[in-house]
Structure formats: C-alpha cells, structure tokens
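Student: structure of the sequence below:
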Amino acid sequence: MLTTQKIPKNITECIEILAYNDQFWEGFASHHKDRQTIRSLAEAVYPWTEKQAKLGLVIIKRYKTLFEKFKLDISDLCESPVWRDPFRKIDYEKAIEKYTNEEREDVVEIKFPYSKKMITLIRCLKDKRGLPQGYLRYNGETKVWTGTYSDVVAYYLTLIGIRYDFKFIDQTMLDDFDTIRTEIKKHKHMKVYAGKKNLAITNAPESLTEYWNKKIRNRNLLQQIDSLKTFNLSLPQNWLKEKGITLAEKIAISSSREVHISRMRWNRNQLLSACEELRLFPLLVPITDISNAEDIRELTNWFHAFTEQGIPDKQVAWGFDLAKYPLDPPEQLTYENGKSWDDPYSHLYTKDMTKDQRTSLFNEFKTLHERSTKNKFIDKNTKIIFIRNKIPRTLVKSDITPTTCLNWCNYSYAPYSDFIRKWLDNIDKRLYYSSSTDLKEKML
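Tutor: Alright, predicted model coming up:
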C-alpha cells in the first residue's frame, strides 16, 4: 500500500477509485451489495443526473473510513461535495427510470402528464397484477409513481412504456423484460394446493417462491389464503365451495382487495375478530368530524366493540382532534335563556329527547373528544388509527406500514380529503362495513 495518495478532487473521482482500485490495493473493497451500483456510476456514458449524483455522495460517505485508511482524506468533499460535470437534466414528458436508492434497493419511477387512461392502467397494475403491499406508490408532491423493482413491476411498466412511447432512461429494463417474458411462459400454469397447515404453489417463479417462504409461509393457513389475492392467485373452486362459513374465511377467499361487509349480517365484534384472525391490524379508519347524534353513537359503539375485543384506548391512535364540543350542555339548551331549536348545534338533539338523553349524548361526545386529544402515539402495538385529512406525523415516524383500511360510513363517496383518498388507493386491502343496498350483490 502506498503511504501517500493524490487526494480526489470530486465525488466522481471517488466513485472511480472505489470502482477500480480494489484490484490494486489489498483490502480496498466495497460491500458486495454496492459493487454493481458503483460500477454503473463509474461507467456512466453521460454526465450524472442529480439523482445519480446524490446516490454517489451517499456511497462515498458510507466508505469515508475506508478512504482514510488508505491515506485519502475526503472529509471536505463529504461536507461540501463537488462533481466533475454539471448535472444532466432530463426534460421530457413521459419517462421510466430504474435506479438504486440510498437503501441499496432497486426502484423504478414512471412519470407522465395527467392522463385518466394512464392512471387507470397503473391502478390496474396495483390492484389486479399481484403486487405486494407498498410495491407501487404515488407521490402527490412530485407527481411521480415509484415502485419497488420486481419482476411484476418491471414487466408491466415496460409493457406500458413500449405501448405508449415512454422514454427509458435505463435500457436494462428492456433486457429484464425479455428475460421475464421468457420466465412467464415457463410459469403460466402455476397452481395452488391447500394442505392441512400450508399452501403449496407449484411451477412458481423463483422470486415468488423466495418471497412466499420469507414473508407468508410462517402464517396460518387462512392468512396464507388471504395473501393469494396479492399475487393474483386463488384456490380451486371446489375448495371454495366447502369453506366461507365465518367472516374471516369469507374475507380470505374473496378474490378482490375491496371487500364489502354487510352490517345486517355481521356485527362489529365479528368484524374485529376476523381482522385479528387474518392479522390485518393496524386498521386505518378514515372518519370526519362529528356532525350529528348518529355519528356520536356510531363512534361510541365502536369503542364498546374495541373494549369487548380486548383493544384498550392506548392501542387506538388519533391523527387529529375532534372539534371541541359541537353540543351545548343540555342545561343551557332551554327556551328560557333565549336558545331555540335553530341554534347551530341544536340539530344534534331532538325535541323528543329527555334531559337525561341529552345529557348522555353530551357526555358521550365529551369522552370521544378527550380520547382524540390524548392518544397520538403509534407503535407496533397500535391496532386502530383514525385519520381525516392528512397522514398523521406519528404514523410516518413510526415506520409502520398499515395494510388494511376500514371504512364504516354509509355514504356513496368517501367523506374525507382527495389527498387521503389517493393515499388509501395504495393500501393493500380495503374493508367497507355498511348497510348500503346499492352494493347488496357484492356484500359478504
């Protein structure tokens, strides 16, 4: 090893040293997970994009100690980075880009001007093509779809890109597409068999087998069955005819990620028990502010069900505060002190209510309000997360990814913000608990 070295002048040189000098300096080697990315950056034909430059900086900071071991002080570059060339700007309307992120994961981005047809295609890919939870998400700020780079994502996004003339930043996606297409032909006859404790998937791709063994196989049989729809798979129809007695079984064998559950047939406790049996917690529950007496009673009854199912208040997190007391205390709601039934909140009471009934309703809401202000904390033990118009900051910090949304309103539309509606489109499973007659044929 040389005792003195020429200090690199920019991040680009650092990447090239890291890529090539492992052949000359004993012990100067990068982690095997980084080698492909480092070589790709070092051998780039064109100047780096800003995204590639940031990735290069992250990598160099990761190996700062290694550089110092070989008498290469890159502290100044890490603090005030310099790049050899100006960033290459990518200026076009429709593009697909594959790259490696800071966590050493391969990801793909697809961006395009607003198009209802394109959005429908992307959502079809999410909902119908067996993507695991979180594999494809929409960023409302950057207007970009980002996906974990998997065989399914690569195959169908490439199909979309070819059909609608997208610009491919990384041509290796096209090579991957040819390889995946060959594999699909080999595995198009996949079949699922149910044993006593586990499912078996025959003729499956290696990537699916690896994911299944790592993430799904250790679950119970019913949970495994529920996971099949994520991969666009199902059990033989003759098996389905013999099952589907309990609500958990009906949810599990449902072929859709959107499951409509009838209030007339299943009570709250049965629904919560099914969620527990299928390991669907934590549940995201979008609700609006309290606007009438029915809302108060509905939410109160859910808390009774939580208690009966062993879910304490500390496992119910609120992403917002209920508006403070949209009710006048009953003793103030009298004709003697000038109040009338035209008062802004008087519709929450009815004229046929007794004073005790009005007092009970007021106290119920007061309890709900106090609950909403007390518990914001979210961790691995949280089972219910109430949301309204934004993603709770505590949920973002918790690093927890909910897989199920529970909507219990009876409206034909979702009574929350467009932002939350788009966000919930990315949730793996959506349960609708209602008494709507319009959806009678779809209901369990």
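Student: now the element after the helix or strand of the chain with the lowest mean pLDDT, going C-ward?
Tutor: Lowest by mean pLDDT, DSSP states H and E among the helices and strands of the chain is helix 237-242, with a mean of 59. Once helix 237-242 ends, the next helix or strand along the chain (criterion: DSSP states H and E) is helix 247-253.
Student: how about the strands in the stretch 201-350 of the chain?
Tutor: 258-262, 283-286, 316-318 (DSSP state E, counting those that start in this stretch).
Student: quick one: low-confidence parts of the stretch 151-300 of the chain?
Tutor: 183-189, 236-244 (pLDDT under 70).
Student: what about the helices in it?
Tutor: 151-163, 172-187, 206-211, 221-227, 237-242, 247-253, 268-277, 293-308 (DSSP state H, counting those that start in this stretch).
Student: so which of these comes closest to residue 105?
Tutor: helix 151-163 (12.1 Å; C-beta to C-beta). In short, each C-beta sits where N, CA and C put it, glycine included.
Student: can I get the closest one as PDB, trimmed to CA atoms?
Tutor: What follows is helix 151-163, C-alpha atoms only, in PDB (Å, rounded to 0.1, in the frame of the first residue of the first chain):
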ATOM      1  CA  ASP A 151     -40.500  -8.800 -12.000                       C
ATOM      2  CA  VAL A 152     -44.100  -7.800 -12.000                       C
ATOM      3  CA  VAL A 153     -43.400  -4.100 -11.800                       C
ATOM      4  CA  ALA A 154     -40.600  -4.300 -14.500                       C
ATOM      5  CA  TYR A 155     -42.800  -6.400 -16.800                       C
ATOM      6  CA  TYR A 156     -46.000  -4.400 -16.800                       C
ATOM      7  CA  LEU A 157     -44.400  -0.900 -16.700                       C
ATOM      8  CA  THR A 158     -42.200  -1.900 -19.600                       C
ATOM      9  CA  LEU A 159     -45.300  -3.100 -21.500                       C
ATOM     10  CA  ILE A 160     -47.000   0.300 -20.700                       C
ATOM     11  CA  GLY A 161     -43.800   2.200 -21.700                       C
ATOM     12  CA  ILE A 162     -43.500   0.400 -25.100                       C
ATOM     13  CA  ARG A 163     -47.200   0.700 -25.900                       C
END
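Student: show me how far it is from its chain's centre.
Tutor: 21 Å (C-alpha atoms, centre = their mean, to the nearest Å).
Student: ditto for stretch 68-84
Tutor: 37 Å.
Student: need the residues that contact it.
Tutor: 1-5, 7-14, 17, 25, 27-28, 47-48, 53, 56-57, 60-61, 64, 67 (C-beta atoms under 8 Å, 6 or more residues apart in numbering).
Student: mind doing that once more with 7 Å?
Tutor: The contact list for stretch 68-84 (C-beta atoms under 7 Å, 6 or more residues apart in numbering) reads 1, 3-5, 7-14, 25, 28, 48, 53, 57, 60-61, 64, 67.
Student: of those, grab the buried ones for PyMOL.
Tutor: Provided next is the PyMOL selection string for whichever of those are buried by 16 or more other C-beta atoms under 10 Å:
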select buried, resi 8+11+12+13+14+28+48+53+57+60+61+64+67
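Student: what are the ranges of the helices in the stretch 1-150 of the chain?
Tutor: Using DSSP H, counting those that start in this stretch, helices in the stretch 1-150 of the chain cover 11-20, 32-42, 50-62, 64-69, 75-79, 116-128.
Student: where among those is average confidence lowest?
Tutor: Lowest mean pLDDT of these: helix 116-128, a mean of 75.
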